[in-house]
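A.B. asks: A structural model of the following input is requested.
(one chain, ligands or ions: 2)
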Amino acid sequence: MSSVEFVKVPTLRSVEEFRGALERLAIDIPCEDPVEVGTCAPLAQPIQILGRTVSNRFCIQPMEGWDGTPDGRPSELTARRWRRFGASGAGLIWGCEAVAVRHDGRANPRQLMLTSETSAAIAQLREELVRSASESYRPPDGVPSRAQSPLIGLQLTHSGRFSRPNDRDRPEPVIAYHHPILDRRVNIGPDYPTITDGEIRRLIDCYAEAAKLAQQCGFDFVDLKHCHGYLGHELLSAHTRPGPYGGSLENRTRFLRELVEAVRSSAPGLGIAVRVSVFDIVPYEPDPSRSTPGKLGPGVPSDYCDAVPYLYGFGVDPEQPTEIDLSEPLAVFAILQELGLTLVNVTAGSPYYSHHIQRPALYPPSDGYQPPEDPLVGVARLLHAARYIKEVYPEFVLVGTGYTYLQEYLPNVAQGAVRSGWTDIVGIGRMALSYPDIIADCLAGHPLDRKRICRTFSDCTTAPRAGIVSGCYPLDEHYRRSTHAHALQVAKDALKRRLGG
Ligand SMILES: Cc1cc2nc3c(=O)[nH]c(=O)nc-3n(C[C@H](O)[C@H](O)[C@H](O)COP(=O)(O)O)c2cc1C
Ligand code: SF4
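C.D. replies: Numbers count the residues shown, from 1 in each chain. Ligands and ions are numbered 1, 2, ... in the order given. Alright, predicted model coming up:
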């Protein structure tokens with residue numbers, strides 16, 4: 001199927017037409033009309049999370065800007081993004097972005113890092129977000145009352161296989177095990193060392209130290225990131241790793257369990273949450289036979305014939321690794337429950353090798369494959385995974401992912417998903433870059449500003465892949481008019497030429 005056959009969401013004229021499109025794709029997701037407003041509206045319902053009342057059912061997902069300083073402090077661009085997240089009206093702020101716990105775990109030389117040297121600047125960042133939230137607070141009944149601060153977490157990470165701490169063009173992977181497909185992509189040879197057990201233990205100490213700093217900065221919780229191919233996520237699939245952190249599920253979750261224990265002892269009282277990729281598939285790549293000048297082909301699974309049973313994924317069917325299998329992720333939820341965790345952000349895959357399942361988009365980043373399926377199918381897959389987990393583990397507060405591609409119909413599906421119990425909270429990713437106050441507009445019953453709706457042009461991903469700060473270049477004036485926009489165009493043109501365009 002080529003992209004011309006995909007549903008063009010912006011051309012649909014009503015919720016009815018959108019429902020018709022879903023039906024043609026055989027997608028079953030709740031989509032309500034009208035979207036309710038006021039104190040009884042499903043999306044305006046308060047919810048208890050980590051002992052606090054969160055005022056509504058929206059969450060801003062973590063989104064990195066590749067715009068920190070070389071020593072890991074935020075820049076003015078970072079602060080602007082966090083202020084916009086604060087002003088969005090979301091009751092929960094998850095992130096606001098991945099922050100490395102030490103230098104070698106940075107995904108790029110401009111990723112934020114939480115250390116004793118940077119913590120004052122990161123505390124200030126949080127304060128700016130809180131101030132911006134309180135200045136913009138709009139109660140659902142329209143009656144002004146005490147301004148409410150959102151519940152704010154900080155996402156702690158080590159980028160593992162995708163670390164590039166010193167130079168964006170120089171991968172410095174920290175790997176948990178050798179991956180037959182991903183190793184090839186960055187020339188990791190068979191003798192390349194895997195992270196030692198002792199190094200994993202030292203890394204856990206760094207997380208514990210960072211969590212203590214996060215608590216001192218005033219964050220309500222930390223997210224011990226286990227998603228998107230980074231180290232925590234990779235350890236969940238370390239079937240082939242010998243020793244205490246590989247092999248059995250018990251061993252593959254040891255890092256997570258030890259992290260929780262270490263954070264609890266270094267930062268008593270701090271909330272702990274996890275963002276986890278609950279399913280994955282074998283890495284995808286552009287189909288060379290369908291690439292055209294200047295444009296990579298649609299995604300197809302990389303050749304995995306020599307790697308079956310596929311012991312290199314989490315939430316993947318080992319016999320048929322193009323299919324998902326939620327049995328192990330469900331077992332991990334049982335472990336999270338034993339650990340006493342209650343807040344989980346459900347995501348999937350990785351932006352590096354399975355971007356169509358992780359952030360459904362009609363227009364991929366310019367170095368990425370074209371969508372192999374209608375992106376609405378990807379949205380539905382994410383929503384159904386959260387629904388299934390919520391059915392089995394209703395005690396968890398779940399944040400769902402993958403709502404941006406719904407575009408005009410995001411509020412309709414969000415309301416349906418919350419009312420039907422598919423998720424507790426609706427996570428907003430890219431839409432929060434182009435149009436953060438879609439949340440406030442939705443809660444207030446204002447018509448959506450169609451000019452600011454994210455159309456998944458992916459410039460916010462293409463730019464950092466070219467070493468340029470991330471942002472919504474097509475729709476956010478601040479980026480459109482910046483010098484970075486010119487650099488982005490130059491980089492896109494150069495890539496197109498390299499692809500023969
Ligand atoms: C520019 C950009 C940066 C991102 N950075 C992070 C991050 O730091 N941590 C994370 O867990 N997810 C990150 N994500 C993924 C988003 O949180 C979200 O899962 C994804 O965009 C899908 O949600 P959406 O469809 O609402 O955009 C990022 C996504 C984008 C587009
Ligand atoms: S650049 Fe803007 S429109 Fe494009 S995906 Fe990112 S947020 Fe959406």
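A.B. asks: which parts of the stretch 351-500 of the chain sit against ligand 2?
C.D. replies: Residues of the stretch 351-500 of the chain lying close to ligand 2 by CB under 6 Å from any ligand atom are 430, 433-434, 454-460, 472-475. The way it works is simple: take the backbone N, C-alpha and C, and place the C-beta from them, glycine included.
A.B. asks: go again using 5 Å as the cut-off
C.D. replies: Applying CB under 5 Å from any ligand atom, one finds that the stretch 351-500 of the chain approaches ligand 2 through 430, 433-434, 454, 456-460, 472.
A.B. asks: among the residues you listed, which one has the most neighbours?
C.D. replies: residue 460 (28 neighbours; other CB atoms under 10 Å).
A.B. asks: pLDDT on the helix or strand containing it, on average?
C.D. replies: Taking DSSP states H and E as the criterion, residue 460 maps to helix 459-465. Helix 459-465 comes out with an average pLDDT of 96.
A.B. asks: can you check stretch 50-69 too?
C.D. replies: Stretch 50-69 shows a mean pLDDT of 97 in the predicted model.
A.B. asks: backbone phi and psi for the nearest residue to residue 107 once chain neighbours are set aside, please?
C.D. replies: Closest residue to residue 107 apart from its sequence neighbours, by CB to CB, 6 or more residues apart in numbering: residue 159 at 4.0 Å. The phi/psi pair for residue 159 (degrees, to the nearest 10) reads phi -80, psi -10.
A.B. asks: any idea how far residue 159 lies from ligand 1?
C.D. replies: Noted for residue 159: a distance of 10 Å to ligand 1, by CB to the nearest ligand atom, to the nearest Å.
A.B. asks: got a list of what that residue touches?
C.D. replies: Neighbouring residues of residue 159 by CB atoms under 8 Å, 6 or more residues apart in numbering: 98, 100, 105-107, 111, 174, 230-231.
A.B. asks: how about the residues of the stretch 351-500 of the chain next to ligand 2 in CSV, adding distance to ligand 1?
C.D. replies: Conversion of these to CSV gives the following (distance: CB to the nearest ligand atom, whole Å):
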residue, distance to ligand 1
430, 4
433, 7
434, 10
454, 7
456, 8
457, 11
458, 8
459, 9
460, 4
472, 9
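A.B. asks: take these and lay them out in TSV including distance to residue 226.
C.D. replies: TSV is the format used below for these (distance: CB to CB, whole Å):
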residue	distance to residue 226
430	21
433	24
434	28
454	26
456	25
457	29
458	25
459	28
460	23
472	27
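A.B. asks: among the residues you listed, which one sits closest to residue 379?
C.D. replies: Nearest to residue 379 among these is residue 456, at 10.6 Å by CB to CB.
A.B. asks: from the contacts of residue 159, which two are the most distant?
C.D. replies: The two members of the contacts of residue 159 with the most space between them (CB to CB) are 98 and 174, at 14.9 Å.
A.B. asks: ok, these two, which is more surrounded?
C.D. replies: Between residue 98 and residue 174, counting by other CB under 10 Å, residue 98 is the more crowded of the two (25 against 22).
A.B. asks: surely the more buried one meets residue 64?
C.D. replies: Yes. Counting by CB atoms under 8 Å, residue 98 touches residue 64, with 5.4 Å between them.
A.B. asks: in helices only, show me the residues of the stretch 351-500 of the chain next to ligand 2.
C.D. replies: 433-434, 459-460 (DSSP state H).
A.B. asks: closest residue of the stretch 51-200 of the chain to ligand 2?
C.D. replies: residue 63 (8.9 Å; CB to the nearest ligand atom).
A.B. asks: would you mind writing the CA trace of the longest strand anywhere in the chain as PDB?
C.D. replies: Using DSSP state E to define each element, the chain has its longest strand at strand 92-100. C-alpha atoms of strand 92-100 as PDB (Å, rounded to 0.1, in the frame of the first residue of the first chain):
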ATOM      1  CA  LEU A  92       0.400  15.600  34.700                       C
ATOM      2  CA  ILE A  93       3.800  16.500  33.200                       C
ATOM      3  CA  TRP A  94       5.900  13.400  32.500                       C
ATOM      4  CA  GLY A  95       9.400  14.400  31.900                       C
ATOM      5  CA  CYS A  96       9.600  16.900  30.500                       C
ATOM      6  CA  GLU A  97      12.300  15.100  28.700                       C
ATOM      7  CA  ALA A  98      14.900  12.400  29.000                       C
ATOM      8  CA  VAL A  99      17.700  13.500  31.300                       C
ATOM      9  CA  ALA A 100      20.900  11.500  31.500                       C
END
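A.B. asks: which elements pack onto that strand?
C.D. replies: strand 58-60, helix 76-87, helix 119-136, strand 151-157 (3 or more CB pairs under 8 Å, 6 or more residues apart in numbering; DSSP states H and E).
A.B. asks: give me that answer again for 7 Å
C.D. replies: strand 58-60, helix 76-87, strand 151-157 (3 or more CB pairs under 7 Å, 6 or more residues apart in numbering; DSSP states H and E).
A.B. asks: which positions in this protein make contact with ligand 1?
C.D. replies: Proximity of the chain to ligand 1, by CB under 5 Å from any ligand atom, involves residues 61-64, 97-98, 347, 359, 401-402, 404, 429-430, 460, 470.
A.B. asks: got the CA positions of the helix holding residue 460 in CSV?
C.D. replies: The C-alpha coordinates for helix 459-465 follow below in CSV (Å, rounded to 0.1, in the frame of the first residue of the first chain):
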residue,chain,number,x,y,z
ASP,A,459,10.7,18.0,11.4
CYS,A,460,11.0,17.7,15.2
THR,A,461,12.8,14.4,14.6
THR,A,462,14.6,15.2,11.4
ALA,A,463,16.2,18.3,12.8
PRO,A,464,18.1,16.6,15.7
ARG,A,465,19.1,13.7,13.4
